[in-house]
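**Student:** Curious how this folds, go ahead:
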Amino acid sequence: MEQHAGSDLYHAVPLSLKPTSFRLLTLHPGKVDSLISCTLRSTDLEWNEDYEALSYTWEKHNGCAQVKLNGYDFNEATNNLVSALNHLRDPDKPRTLWVDALCIHQKSNTEKNHQIRCMAQIYKRAKRVLVWLGEAIIVDGRDTASDAKDLLKNLAPFSHGAGMTWDQFKSIEETMTPAYYHLVHAYENCIPPLLDCLWFSRVWVLQEIAMGKEVTVIRGSTSLEWSQISDGLSALSQLEVQNTTISALNRYYRAEVKTSALCREFQNNGTQWALFRASNLPDRLATLLLLTNGLGSTDPRDHLFALLNMAGSQEEIEAEPSLRQNYNASTIEVLKELAIYLLKSRKNLDIFYGVSWVDIPLRENLPSWVPTWDSHRHGHLRRYIQPTGIITPPMDAPAEIIISEDRNTVTIKGRFVDRIQIVGRRPRKPQDGSETLWHGKAFLESWEEECLKPFCEKHGITIEDGLPVWSQTLFHDQVSDNQAACDSSHANQYLALRKYEPLPGGTNEPETEDMQRADVNHLIFSSSHFDMLEGEGATPFVTEQGFIGLGDGAAASPGDYVCIFQGSPVPYIIRHATEAEYFLNGPCYLWPFMKDNDNDWMPKQYEDWITLC
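**Tutor:** Okay, the predicted model is just below:
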């Protein structure tokens with residue numbers, strides 16, 4: 001008779017009460033695609049056993065498959081996990097692994113609470129962390145992961161120092177396989193298949209990679225060292241200076257590049273790590289939350305739990321009841337208590353960056369001011385809020401906050417700026433397969449009619465005179481030490497898409513090659529920038545007094561207010577909930593308050609007390 005795995009299996013392989021107790025998995029040898037057979041056993045971190053720790057994504061939506069676990073039929077291993085085990089299995093000898101889904105009884109909150117406290121040490125003491133990205137992706141008969149490996153290896157040496165010169169850029173192109181006729185073509189065809197996987201979007205990976213002694217990344221039959229990925233992607237970031245197209249492509253993979261850079265920072269940068277550890281626990285935790293905002297987890301509580309072991313010692317965490325890793329506490333309770341802890345201890349409102357107005361099941365019962373940390377919708381404001389390294393800079397003026405006795409509302413000192421009068425249409429990707437550039441141009445024209453034209457009428461200026469402010473608002477997230485050059489770049493990139501006119505059988509070509517390169521680069525960059533805004537739902541708006549802004553289209557409606565809170569680096573959109581209370585909809589950009597990217601735009605006096613519910 002078949003035995004089905006459940007509590008009996010884990011009771012037969014019990015954990016001790018010691019905080020260092022955990023289980024290891026023996027993956028038995030077998031032929032490719034035969035039934036996976038494993039054996040669990042209890043052990044202890046203090047015994048210093050040799051094992052490898054698997055880092056992967058569950059991907060429950062892709063279904064589950066069966067494995068044999070201590071003779072039991074275990075039916076809850078996801079297909080992605082089974083695929084990973086199949087690739088890792090040796091045909092002749094056993095392999096010792098740690099795999100969370102199998103080594104932890106996932107239906108026991110008590111055991112999960114116990115194991116999550118030692119998870120960082122499990123990865124730290126493993127002889128190797130194995131990152132499984134998924135099966136190979138074959139395009140035109142080529143293994144894209146193998147080609148990506150070659151490309152990243154060529155780029156990796158240029159990840160340090162002052163960056164890459166144009167001659168070095170061209171020399172790398174000459175070393176590329178004939179299948180890719182230039183470096184950008186290689187990037188477009190190799191890097192997306194490597195990065196387009198859920199693994200890079202998981203908040204857990206920061207701990208798993210940062211703690212690992214050695215890290216090997218596997219995609220199908222191709223394996224490469226983590227340093228090759230992180231250094232190669234770092235070099236690609238530096239290439240933005242040399243090639244605007246690469247800059248545009250990097251914008252699509254900002255989260256993936258960010259994740260790899262963060263892991264690399266924690267692994268290799270001793271100075272930054274020392275500074276990070278020297279700050280207090282609330283600031284360390286807030287820094288990690290801000291840096292990982294938008295990364296996902298199967299359980300929303302894990303956005304906190306996955307970062308705690310990096311933010312502080314177990315003693316520090318246990319001393320703060322709001323931070324204890326407890327799966328018996330509801331998701332709403334965990335997120336709300338975390339927000340209150342950070343607000344009270346830091347007097348800084350930067351955590352509101354993690355608020356999202358998107359339809360989230362939690363939002364119905366969660367106060368609007370409590371961050372869920374899963375929002376991708378404020379990327380254009382990232383540079384105003386997120387730390388540039390791994391240290392969060394202090395605010396000049398601390399926030400003044402009053403938390404209600406029922407802990408459901410917060411009252412914050414601030415100032416009402418203006419009321420939103422007009423909101424542009426929310427951008428949407430074409431559903432009919434029409435050309436992206438043409439679609440972007442059409443949307444910009446509709447935004448000009450809906451927002452730019454009324455803005456110019458309010459200020460008594462022509463459309464052409466209003467374009468510099470308009471383009472600056474749409475492209476405000478670009479950084480330049482030279483503000484005049486940055487403003488000129490804003491206008492050029494906007495105008496490139498604005499004047500785009502595709503012709504049957506070809507395009508209008510500029511008179512010279514240099515002009516062509518400049519126009520094409522501006523066009524590609526502005527198009528990709530529009531795609532990024534589209535992905536975030538960013539939409540322009542105009543206020544009653546003639547200010548112009550950019551915010552989440554789902555969070556902005558005519559009649560909403562724009563306000564500035566003391567202790568916040570950006571303005572926010574709020575909406576009446578009752579006569580005396582407001583919903584916090586999310587952050588926004590507002591011209592002219594943030595024009596010079598410094599704190600001069602902030603008001604010197606805050607006269608209003610604003611209650612958020």
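
**Student:** Every contact and neighbour count from this point should use C-alpha atoms.
**Tutor:** OK.

**Student:** What's the separation between the closest residue to Asp374 other than its chain neighbours and Cys456?
**Tutor:** Distance criterion CA to CA, 6 or more residues apart in numbering; nearest residue to Asp374, sequence neighbours excluded, is Gly294 at 4.2 Å. For Gly294, the distance to Cys456 (CA to CA, to the nearest Å) stands at 35 Å.

**Student:** Look at the two and report which has more neighbours.
**Tutor:** The neighbour count for Gly294 versus Cys456, taken as other CA atoms under 10 Å, is higher for Gly294 (22 against 18).

**Student:** Return the residues in contact with that one.
**Tutor:** Taking CA atoms under 8 Å, 6 or more residues apart in numbering, we find Gly294 in contact with 201, 373-376.

**Student:** mind checking how far stretch 418-428 is from the chain centre?
**Tutor:** 25 Å (CA atoms, centre = their mean, to the nearest Å).

**Student:** Also stretch 573-580?
**Tutor:** On the basis of CA atoms, centre = their mean, stretch 573-580 sits 30 Å off its chain's mean C-alpha point.

**Student:** and it, which residues are buried?
**Tutor:** 573-575 (16 or more other CA atoms under 10 Å).

**Student:** Can you give the contact residues for that stretch?
**Tutor:** So stretch 573-580 is contacted by 555-556, 559-563, 582-588, 611, 613 (CA under 8 Å, 6+ apart).

**Student:** cool, and stretch 367-383?
**Tutor:** Outside stretch 367-383, the residues touching it (CA under 8 Å, 6+ apart) are 289, 292-296, 300, 303, 335-336, 339, 351-357, 408-410, 476-477, 533, 535-538, 551-552, 583-585, 587-589, 612-613.

**Student:** Which parts of the stretch 501-613 of the chain are helices?
**Tutor:** Secondary structure of the stretch 501-613 of the chain, counting by DSSP state H, counting those that start in this stretch: helices at 513-536.

**Student:** all strands of it, in order?
**Tutor:** 538-543, 548-552, 561-565, 572-576, 582-591, 608-612 (DSSP state E, counting those that start in this stretch).

**Student:** so which of those gets nearest Ala148?
**Tutor:** strand 538-543 (32.0 Å; CA to CA).

**Student:** Need the mean per-residue confidence for that closest one.
**Tutor:** The average pLDDT within strand 538-543 is 90.

**Student:** With stretch 79-93 instead?
**Tutor:** For stretch 79-93, mean pLDDT rounds to 94.

**Student:** domain ranges for the chain?
**Tutor:** Split into domains by automatic domain parsing, the chain comes to 7-126, 138-197+226-268, 270-422+552-612, 432-450+461-536.

**Student:** Next, count neighbours for Tyr353.
**Tutor:** Neighbours of Tyr353 using other CA under 10 Å come to 30.

**Student:** and if you look at Trp447?
**Tutor:** 20.

**Student:** I'd assumed Gly424 was in contact with it.
**Tutor:** Yes - assessed by CA atoms under 8 Å, Trp447 is found in contact with Gly424 at 5.7 Å.

**Student:** intersection of neighbour lists for these two?
**Tutor:** Contacts common to Trp447 and Gly424, judged by CA under 8 Å, 6+ apart, are Pro540.

**Student:** ok, back up a step: compile the contacts of Gly294 into TSV and extend it with columns for secondary structure and distance to Cys64.
**Tutor:** Output for the contacts of Gly294, formatted as TSV (DSSP: H, G, I helix; E, B strand; the rest coil; distance: CA to CA, whole Å):
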residue	secondary structure	distance to Cys64
Ser201	helix	21
Trp373	coil	28
Asp374	coil	25
Ser375	coil	28
His376	coil	28
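
**Student:** Quick one, which of the residues you listed has the minimum pLDDT?
**Tutor:** Comparing these by pLDDT, His376 comes last, at 64.

**Student:** Can you name the residues that contact the nearest residue to Glu111 once chain neighbours are set aside?
**Tutor:** Nearest residue to Glu111, sequence neighbours excluded (CA to CA, 6+ apart): His105, at 6.6 Å. If a contact means CA under 8 Å, 6+ apart, then His105 has 7, 10, 111-112 as its contacts.

**Student:** what pLDDT does His105 get?
**Tutor:** 94.

**Student:** For the residue nearest to Asp374, give its distance to Phe200.
**Tutor:** Separation of Gly294 from Phe200 (CA to CA) stands at 11 Å.

**Student:** quick one: low-confidence ranges for the stretch 301-450 of the chain?
**Tutor:** Across the stretch 301-450 of the chain, residues meeting the criterion (pLDDT under 70) sit at 357-364, 376-377, 379, 383, 385-396, 427-441.

**Student:** picking up where we left off before, surely the residue nearest to Asp374 is within a helix?
**Tutor:** No - looking at Gly294 with DSSP: H, G, I helix; E, B strand; the rest coil, it is coil, so not inside a helix.

**Student:** For my notes, confirm Ile218 occurs in a strand.
**Tutor:** Yes - assignment of Ile218 by three-state DSSP places it within a strand.

**Student:** Could you list everything it pairs with in the sheet?
**Tutor:** Trp132, Ser223 (DSSP bridges).

**Student:** Next one: it from Arg284, what distance?
**Tutor:** 31 Å.

**Student:** One more: Met310?
**Tutor:** 9 Å.

**Student:** got it, and Ala306?
**Tutor:** In terms of CA to CA, Ala306 sits 14 Å off from Arg284.

**Student:** sorry, back to before: looking at the contacts of Gly294, which has the most residues close by?
**Tutor:** Neighbour max across the contacts of Gly294 (other CA under 10 Å) = Trp373, 25 neighbours.
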